[in-house]
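Peer 1: Output the structure for:
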Amino acid sequence: MPWKAPYRPRRDSEVTQTYSDGLVKVYAVADTAKPGYKPVEGLTFKAALRYEERRLGIQRYYEGKQNQAQIERVLRVPRVPGVSSQDVAVTEDGKQYRIDLVQATTDVFPESMDLTLLRIEQKYEVPHDHLV
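Peer 2: Residues are numbered from 1 along each chain as shown. Okay, here's the model as predicted:
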């Protein structure tokens, strides 16, 4: 099979994303109790994603304030299926955020999505049984 050059953006409107700012782990909130025991909310690992920190715009910040939501950060990550607005994101510094909004971006390469993160008061125990 002949060697083929990797895909590069062809249009000036496409932007290459580096995702060099850190690592975020995405967890689903689920019942982690053993069968027959009282339900306990806990985290179930979904994905580990490299991210690029995005600027939190003033409009997005104040729209969050109007909805009584404290928006903390916006992260751009590679687009993967299964990440939803009901998940919890944990950054490499151990801070936990609720994913408020997942927005697919169309003008960048590779395909990406922006995660809008809210501050959460309830801290979950983060499982350490997966390798990443």
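Peer 1: How about the most centrally placed residue in the chain: what's its closest non-neighbour residue?
Peer 2: Against the mean C-alpha coordinate of the chain, by Cα atoms, centre = their mean, the closest residue is Leu115 at 5.0 Å. Closest residue in space to Leu115, ignoring its immediate chain neighbours: Leu75 at 4.8 Å, by Cβ to Cβ, 6 or more residues apart in numbering. Any C-beta I mention is one placed from the backbone N, CA and C, and that applies to glycine too.
Peer 1: quick one, what contacts that neighbour?
Peer 2: Asp21, Val24, Tyr51, Glu52, Glu53, Arg54, Ala89, Asp114, Leu115, Leu117 (Cβ atoms under 8 Å, 6 or more residues apart in numbering).
Peer 1: Just the buried residues of the helix or strand containing Arg98, please?
Peer 2: Per DSSP states H and E, Arg98 falls inside strand 96-105. Within strand 96-105, the residues scored as buried using 16 or more other Cβ atoms under 10 Å are Gln96, Tyr97, Arg98, Ile99, Asp100, Leu101, Val102.
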